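Asks: what's the 3D shape of this:
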Amino acid sequence: MKNLFTILTLIICCSFTGADNVSTRFKTPSGYTRQAVAAGSFGAWLQNLPLKPTGTHTRLFNGGIARTDAYTAAVVDISVGKHDLQQCADAVMRLRGEYLYLQKKYDAISFNFVSGFKCDYLHYATGYRYKNGQWVKQTGKDYGYKTFMNYMNLVFSFASTISLEKELEPVRDFKTLQTGDVFIRGGAPGHCFIVMDVIEDVHHNKQFLLAQSFMPAQNIQIVKDSSPWFSLARANNLPYGDIINPIYLRRFR
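Replies: Purely as a prediction, here's the structure:
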């Protein structure tokens, strides 16, 4: 099944951009090798995400060019929607939700609202809708992609960096950094970056690619400063770049 998942992921990615994805666009610098990821894992899926053509601007949900465009190393070929919903934490949840949906791990798709309400996909897909702080049965079962996206938009409306930070597991040892980890600081506003790829040298010094959305909602962009490859040893000028710090590193359980 894992091999089948990998093949399907590659087919989906290639159908959009001719095999131009995260792992093919960003070559490893001399002296570094790409960290191995398990077939079918969240990390493998992120590495194979398709990218829009080189030079594509990062755009807002309304089509305008985002203020973060100067930091664009690449734009992930995934929709941003037509409303100001898919912001920083939302983009991370979107990627995680898409991965689990593709694997049909519907029971694992669940995110908490800031209020603490558990918004799980199974309730939504089986016809329940959120009303006055609880699930109310309103329609029939539907596991289609449109319904999934309606569910994600609901999550975007009521979740934030505050709730997502609480859901994620702290990474106690930065040496275990892996693709799919998240640098996050909850707040109003807070911010987060998701790790899209990890490389290391013979001394296990790590560099990594990061992606983000922002406010207002924009394309998910892989960011760059002087380079798209970030490390703890190199200062950066990114907005919220101070959270690229082990104390803010979290992981999906």
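
Asks: can you map out the strands along this structure?
Replies: 33-34, 72-75, 110-112, 118-120, 128-131, 134-137, 169-170, 182-185, 191-200, 206-212, 221-223, 249-251 (DSSP state E).

Asks: Helices along this protein, start to end?
Replies: 2-17, 22-25, 42-47, 88-102, 121-125, 145-158, 161-167 (DSSP state H).

Asks: Any idea how many residues pack against the closest residue to residue 148 other than its chain neighbours?
Replies: In this structure, residue 148 finds its nearest non-sequential neighbour in residue 101, 5.5 Å apart by CB to CB, 6 or more residues apart in numbering. Where C-beta positions appear, they are placed from N, C-alpha and C, glycine not excepted. Residue 101: 20 surrounding residues under other CB atoms under 10 Å.

Asks: Ok, which of the helices of the chain comes nearest residue 236?
Replies: Closest to residue 236 of those, according to CB to CB: helix 88-102, at 16.6 Å.

Asks: Please point out which parts of the closest one sit buried.
Replies: For helix 88-102, burial by neighbour count (16 or more other CB atoms under 10 Å) applies to 88-101.

Asks: Contacts made by stretch 81-99 with the rest, please.
Replies: Defining contact as CB atoms under 8 Å, 6 or more residues apart in numbering, one finds that stretch 81-99 is touched by 42, 45-46, 49, 61-62, 78, 80, 109, 111, 121, 148, 152-153, 155-157, 159-161, 163-164, 182, 184, 189-192, 194, 211-217, 220, 252.

Asks: Please disregard the earlier target; I meant stretch 164-181.
Replies: Residues from elsewhere that reach stretch 164-181, judged by CB under 8 Å, 6+ apart: 35, 37, 41-44, 46-47, 89, 92-93, 111-112, 182, 184-186, 190, 192, 194-198, 204, 206, 208, 232, 246, 249-253.
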